[in-house]
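Engineer: Pasting the sequence and the predicted coordinates here, then a few questions.
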Amino acid sequence: MNESRKYDLFGESVPESETPAKHQPLAERFRPRNLDEFIGQEHIVGENGFLREIISKDAITSLIFWGPPGSGKTTLAKIISLSTNAEFVSFSAVASGVKDIREVIAQARIRQGKTILFIDEIHRFNKAQQDAFLPHVEDGTIVLIGATTENPSFEVNSPLLSRSRVLVLDPLSTDNIRTIVLNAVEDKERGVANTVSTIEEDALEAIVSFSGGDARRALNVLELSASVAKKHTDSGLVITVTDVEKASQKKRSAMTVQVKNISISFRRFTRVCGDLIPMRRSTGSAVCLKAVRIRFISQGVWCVLPRKISEMQIRRLCKSP
């Protein structure tokens, strides 16, 4: 495969660095570089997953990655950028406007070949800004990849949504987070193995509990824990649960409560809390709320509540007969 060129917002070629800069945060330099390094989201990147297949065939189509923070949306976009022969342009909706969009489109028309445009936090664009992409996605000038933490059905224009494939990313499982943290501890090139020899089991579980399925949060806490660690062995530092509590500014008991999976029947929850809008059904997945994550006894449903419900209300519900 020929190496594709990557561009910034202003059309300047951006070389891919083989060795990440030491000043980069751990969560950035430890990003997976290919699907073999990627942990989690097996339903789309597994052996027969849709995304794995289109990446292997370099047949990227317009996509919307929808999932919670730290679930791998931006990482998957970067893996695509390293795997495709197309030109890859990336920018964030937070700092860009219609003028920037027009510049990108103009550059895409000049270039020969396919241009993939990645927009992080696409939900930050208003309807008019999103409309600016429509004709260019439709005529093939650009292939659009968007990433969002918000429901695309509400935050992305229907015409744009109909021209894209929405891929739902789940919060990473505890096993996923545990694997990511251990890999970072053992990696000397991009991880913390040059200074850290090991992490105690209690400390590892504390990071997993605190992360709430967010790999970025887990790696940030790991990096801070390594910086405050004091326990030494002959081979290096040892990260303890005290280091994790100091780095996260939370006791382990508070971490556990924050991400506790509450067991409650789906039928009883809907009867008391009102109707739910199912977004994805898959055994073992979780309901993502603003305040708390709930795991249903009978089935897993990732959904959106039509009205707000507090964590206290849910906890009272779970204690009721």
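Structural biologist: That came in fine, so what should we check first? Numbers count the residues shown, from 1 in each chain.

Engineer: ok, L222 - contacts?
Structural biologist: Neighbouring residues of L222 by Cβ atoms under 8 Å, 6 or more residues apart in numbering: 26, 181, 184-185, 192, 199, 207, 239. Where C-beta positions appear, they are placed from N, C-alpha and C, glycine not excepted.

Engineer: So what's the gap between the strand or helix carrying it and the chain middle?
Structural biologist: Secondary structure assigned from DSSP states H and E places L222 in helix 215-228. Helix 215-228 sits 17 Å away from the centroid of its parent chain (Cα atoms, centre = their mean, to the nearest Å).

Engineer: so what secondary structure elements neighbour the following helix or strand past it?
Structural biologist: The C-terminal neighbour of helix 215-228 among helices and strands, as given by DSSP H and E, is strand 231-233. Contacts defined by 3 or more Cβ pairs under 8 Å, 6 or more residues apart in numbering; DSSP states H and E place strand 231-233 against strand 236-239.

Engineer: Swap in 10 Å and give it another go.
Structural biologist: Helices and strands touching strand 231-233, as assessed by 3 or more Cβ pairs under 10 Å, 6 or more residues apart in numbering; DSSP states H and E, comprise strand 196-199, strand 236-239.

Engineer: Mean pLDDT added to these, as CSV?
Structural biologist: Shown next, in CSV, are these (pLDDT from 0 to 100):
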stretch, mean pLDDT
strand 196-199, 94
strand 236-239, 92
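
Engineer: Take the ones you listed and write them to a markdown table, including distance to I54 and mean neighbour count.
Structural biologist: Putting the helices and strands packed on strand 231-233 into a markdown table (distance: least, Cβ to Cβ, whole Å; neighbours: other Cβ atoms under 10 Å) gives the following:
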| stretch | distance to I54 | mean neighbour count |
| --- | --- | --- |
| strand 196-199 | 37 | 21 |
| strand 236-239 | 39 | 20 |
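
Engineer: Would you mark the buried spots in the helix holding L222?
Structural biologist: 215-226 (16 or more other Cβ atoms under 10 Å).

Engineer: Kindly report the same for stretch 101-115.
Structural biologist: For stretch 101-115, the neighbour count (16+ other Cβ under 10 Å) marks 101, 104-105, 107-108, 114-115 as buried.

Engineer: Kindly report the same for stretch 28-46.
Structural biologist: 29-33, 35, 38-41, 43-45.

Engineer: how long is that stretch end to end?
Structural biologist: 23 Å (Cα to Cα, to the nearest Å).

Engineer: Likewise for stretch 27-44?
Structural biologist: Stretch 27-44: ends 22 Å apart by Cα to Cα.

Engineer: from here on, count from 868
Structural biologist: Shifting the count to begin at 868 puts that one at stretch 894-911.

Engineer: Show me how far it is from its chain's centre.
Structural biologist: Distance of stretch 894-911 from its chain centroid, counting by Cα atoms, centre = their mean, is 10 Å.

Engineer: try stretch 955-972
Structural biologist: 21 Å.

Engineer: What of stretch 914-933?
Structural biologist: How far stretch 914-933 lies from its chain's middle: 16 Å, per Cα atoms, centre = their mean.

Engineer: One more: stretch 1019-1027?
Structural biologist: For stretch 1019-1027, the separation from the chain centroid amounts to 20 Å (computed by Cα atoms, centre = their mean).

Engineer: Restricting to C-alpha, output the helix holding L1089 in CSV.
Structural biologist: The C-alpha trace of helix 1082-1095 is given here as CSV (Å, rounded to 0.1, in the frame of the first residue of the first chain):
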residue,chain,number,x,y,z
ALA,A,1082,-9.3,4.6,28.3
ARG,A,1083,-8.0,8.1,28.2
ARG,A,1084,-9.0,8.7,31.8
ALA,A,1085,-7.4,5.4,32.9
LEU,A,1086,-4.1,6.3,31.1
ASN,A,1087,-4.1,9.8,32.5
VAL,A,1088,-4.4,8.4,36.1
LEU,A,1089,-1.7,5.8,35.4
GLU,A,1090,0.7,8.5,34.2
LEU,A,1091,0.0,10.7,37.2
SER,A,1092,0.3,7.8,39.6
ALA,A,1093,3.7,6.9,38.1
SER,A,1094,4.8,10.5,38.7
VAL,A,1095,3.9,10.4,42.4
